[in-house]
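> Based on what follows, work out the 3D shape:
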Amino acid sequence: MAFKPKPTKAKVAAVYKSIYIREELVKQIEKIARENNTSFNNVVISMIEECLKKN
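Numbers count the residues shown, from 1 in each chain. Purely as a prediction, here's the structure:
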C-alpha cells in the first residue's frame with residue numbers, strides 16, 4: 001500500500017528545524033508530493049505523524 005499524505009491543514013503554531021536528508025529520500029518524497037498535489041513539507045510531516053501514532 002502506497003503512502004498517502006494527509007490533506008494540508010490550516011496553519012498552526014510551528015518552529016523551524018533543519019535536517020539533512022539523503023538525496024534519494026528527497027527524490028522519493030518529492031515524487032509523493034507531486035503525485036498528491038501537495039508540498040514536500042506536508043509529506044514529511046504526514047510521515048512523521050503517522051509513525052508517531054503507531055508508538
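> end-to-end on stretch 25-44?
Using C-alpha to C-alpha, to the nearest Å, one end of stretch 25-44 lies 10 Å from the other.
> Buried ones in that stretch, by neighbour count?
29, 32, 33, 36, 38, 42, 43, 44 (16 or more other C-beta atoms under 10 Å). No exception for glycine: its C-beta is placed from N, CA and C like everyone else's.
> Check those against residue 23 and report the nearest one.
When the buried residues of stretch 25-44 are ranked by distance to residue 23 (C-beta to C-beta), residue 29 comes first, at 10.8 Å.
> per-residue confidence at the closest one?
The model reports residue 29 with a pLDDT of 97.
> What lies in contact with the helix or strand that it is a member of?
Mapping residue 29 onto the secondary structure by DSSP states H and E places it in helix 23-35. Under the criterion C-beta atoms under 8 Å, 6 or more residues apart in numbering, residues 3, 5, 21, 39, 40, 42, 43, 44, 47 lie in contact with helix 23-35.
> Just flag the most distant two among the buried residues of stretch 25-44.
Maximum pairwise distance in the buried residues of stretch 25-44, criterion C-beta to C-beta, is 12.6 Å, between 36 and 44.
> And the closest residue to residue 40 other than its chain neighbours, how far from residue 16?
Nearest residue to residue 40, sequence neighbours excluded (C-beta to C-beta, 6 or more residues apart in numbering): residue 33, at 5.1 Å. Using C-beta to C-beta, to the nearest Å, we find residue 33 at a distance of 19 Å from residue 16.
> Over to residue 29?
Distance check for residue 29 against residue 16: by C-beta to C-beta, it reads 18 Å.
> and if you look at residue 6?
Using C-beta to C-beta, residue 6 is found at 20 Å from residue 16.
> In contact with the nearest residue to residue 36 once chain neighbours are set aside, which residues?
Distances taken as C-beta to C-beta, 6+ apart place residue 5 nearest to residue 36, at 5.3 Å, with adjacent residues excluded. With contacts defined as C-beta under 8 Å, 6+ apart, the neighbours of residue 5 are 32, 33, 36, 38, 42, 43, 46, 47.
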